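Peer 1: Let me see the structure of the following:
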Amino acid sequence: MRIATWNVNSITARLPRLLAWLESSGTDVLCIQEIKSAESAFPYEPLRELGYEAAVNATGRWNGVGVISRVGLAEVTSGLPGGPAYEGEQEPRAIAATCGAVRVQSVYVPNGREIGHPHYDYKLRWFEALRDSAAADAAGGRPFAVLGDFNVAPTDEDVWDRAVFEGSTHVTTKEREALAALREVGLSDVMPRPLKYDHPFTYWDYRELGFPKNKGMRIDLVYGNEAFAKAVGDAYVDREERKGKGASDHAPVVVDLEV
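Peer 2: This is a model prediction of the structure:
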């Protein structure tokens, strides 16, 4: 089974590339983030024509997540159980589903904006709720993974220049402690291999030639339980999909499982 995660940065803008990539990559299950579309406007039909069904949690604003599958879609949980609200709103940042023999949770973790901002505290509380909600599935016997845009670089090696991020979010001790707490419920970081250069960055800013200069970050992660990790045959960042006109600023992370 081939499972992937991809922050598409607008399903509407990325739809032609998404459909072409699904066909060429042979992906069975795709977790997507930053849909930026209401559920009513989501392109279910073009996906159905390719043999995929989709579960979506989206409101049409800056967030939105989904699971796209051609191997079944069951036990769908929309939203983050026990998750905090921001400015009175439960943002659409999580959705979980069982696809064949594997359960996945697609997440778009809050950005945090800046240290000390209310959104930063919201991000940390959101991580706590994610840890609590993932614990039962992580401890189960079937393969399970949380996949998505975590908006945290796990180590200093996961950013192109640590000095540039001094005093910024995505690299702070508290954010990395939140990732560590998530691992403590029985999840591990499935490290993908890079197809170019020496580190598997997954995000490059559109500005200042971030991609050509490889000024990247590894913030799109796959955290799997023991059953998932043992089934991994390969994992890589599809850097080619970041190239060219109309690309997302994130690349897909692909994991092949022997299940």
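Peer 1: can you map out the helices along the chain?
Peer 2: In the chain, the helices defined using DSSP state H lie at 11-25, 44-49, 118-139, 173-183, 226-231.
Peer 1: Any idea which of those gets closest to A153?
Peer 2: Closest of the helices of the chain to A153 is helix 173-183, at 8.2 Å (criterion: Cβ to Cβ). Just so you know, the C-beta spots here come from the backbone N, C-alpha and C atoms, and that holds for glycine as well.
Peer 1: Which elements pack onto the closest one?
Peer 2: With contacts taken as 3 or more Cβ pairs under 8 Å, 6 or more residues apart in numbering; DSSP states H and E, helix 173-183 sits against helix 118-139.
Peer 1: R113 is in contact with D121, isn't it?
Peer 2: No. Here R113 lies out of contact with D121, judged by Cβ atoms under 8 Å, at a distance of 10.4 Å.
Peer 1: what's the residue nearest the centre of the chain in contact with, if anything?
Peer 2: Central residue of the chain (Cα atoms, centre = their mean): G148, 1.0 Å from the mean position. Contact analysis of G148 by Cβ atoms under 8 Å, 6 or more residues apart in numbering lists 5, 7, 31, 33, 65, 105-109, 220-221.
Peer 1: Would you mind confirming that L73 is in contact with G100?
Peer 2: No. Applying Cβ under 8 Å, one finds L73 not in contact with G100, separated by 9.4 Å.
Peer 1: quick one, strands of this protein?
Peer 2: Using DSSP state E, the strands of the chain run over 2-7, 29-33, 53-57, 65-69, 74-78, 94-99, 102-108, 144-149, 188-189, 203-204, 216-217, 220-224, 232-237, 253-257.
Peer 1: can you list contacts of the third one?
Peer 2: Spelled out, it's strand 53-57. Contacts of strand 53-57 (Cβ under 8 Å, 6+ apart): 35, 39, 42, 44, 47, 64-70, 73, 76, 78-79, 92-95, 97.
Peer 1: Please repeat the previous calculation with a cut-off of 6 Å.
Peer 2: Contacts to strand 53-57, defined as Cβ atoms under 6 Å, 6 or more residues apart in numbering, come from residues 39, 42, 44, 47, 65-68, 73, 76, 78, 92, 95, 97.
Peer 1: In ChimeraX, how would I select just the buried ones from those?
Peer 2: Burial among these is assessed by 16 or more other Cβ atoms under 10 Å; the matching ChimeraX selection reads:
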select :39,42,47,65,66,67,68,73,78,92,95,97
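Peer 1: Need the contacts of strand 53-57 in TSV (columns: distance to A163).
Peer 2: Formatted as TSV, those follow (distance: Cβ to Cβ, whole Å):
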residue	distance to A163
E39	42
F42	41
Y44	45
L47	42
V65	32
G66	36
V67	37
I68	38
L73	44
V76	43
S78	40
P92	35
I95	36
A97	40
